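Undergrad: pasted the sequence and its predicted model underneath.
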Amino acid sequence: MRLILSVIGVLLGMTSCQFTETEERRTILVNEGLSQVNWNDVDYYPNFGDCDPVAEKSERLACFQQAFSAKCQRLIEELNYTVDKDIDERAELLFEVTHFGFVNLLDISASDYLLQELPQVEVDLRNLFSETITVQPAMKSGKQVSVRCSMQIDFKTK
C-alpha cells in the first residue's frame, strides 16, 4: 500500500512540475509576444472610404491625412470669418478617431491673439467636430482600435 501511495505521489509530483513549467512557458511566450507589439502603431489607419485598402501603409496614412484635412478645410471655409486686422496664426487640434469610427475633438490650442481676433473660433471648431464625422476606424491585429491624432490649422489673411 505504501508502495502504491509512493508511486502515485511521485507521479503527481512529476505531473504538477510539468504543468507549472508549461504555464511558465506560456506566460513567457505571451509576455514576449506582447513586448513585440508596437502599441503606438496600427495595421490600418482610419479611412473615409476613398483610400486604397491594399496600398502601402504610408500611402494609406497620407490618404487619410489629405482626406481629413480637405474635409476640415471645407467645413472651416463655410464659417466665413471676417476680420479687421491681418492674421497669421495657427491652431493645434487634438482629436480621436474612436474604434466605432467617430471623430471627437479632445483639445484646441490657439494663441491669445487668434482667440482675440476670432473669439468664436474655438466654439465653431468644437461644433464642427460635434457634427457626425465618421470614418472607417483604425485596425490593429484585426480589431478596431481608437487612435489619437493632431492637426494644425493655419489662419492667414492678407
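TA: Everything's here; your move.

Undergrad: ranges for the helices of this structure?
TA: Under the criterion DSSP state H, the chain carries helices at the ranges 2-36, 57-77, 112-117, 121-130.

Undergrad: where among these is average confidence lowest?
TA: Considering the helices of the chain one by one, the lowest average pLDDT is found for helix 2-36, at a mean of 50.

Undergrad: in stretch 102-120, what counts as buried?
TA: Residues of stretch 102-120 classed as buried: Val103, Leu105, Ile108, Ala110, Leu114, Glu117, Leu118 (neighbour count, 16 or more other CB atoms under 10 Å). All C-beta atoms are positioned from the backbone trio N, CA, C, and that covers glycine.

Undergrad: and if you look at stretch 68-81?
TA: With burial defined by 16+ other CB under 10 Å, the residues of stretch 68-81 counted as buried are Phe68, Cys72, Leu75, Ile76.

Undergrad: those residues into JSON lines, with extra columns for distance to Gln136?
TA: Output for those, formatted as JSON lines (distance: CB to CB, whole Å):
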{"residue": "Phe68", "distance to Gln136": "12"}
{"residue": "Cys72", "distance to Gln136": "17"}
{"residue": "Leu75", "distance to Gln136": "19"}
{"residue": "Ile76", "distance to Gln136": "23"}
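
Undergrad: sounds good, over and out.
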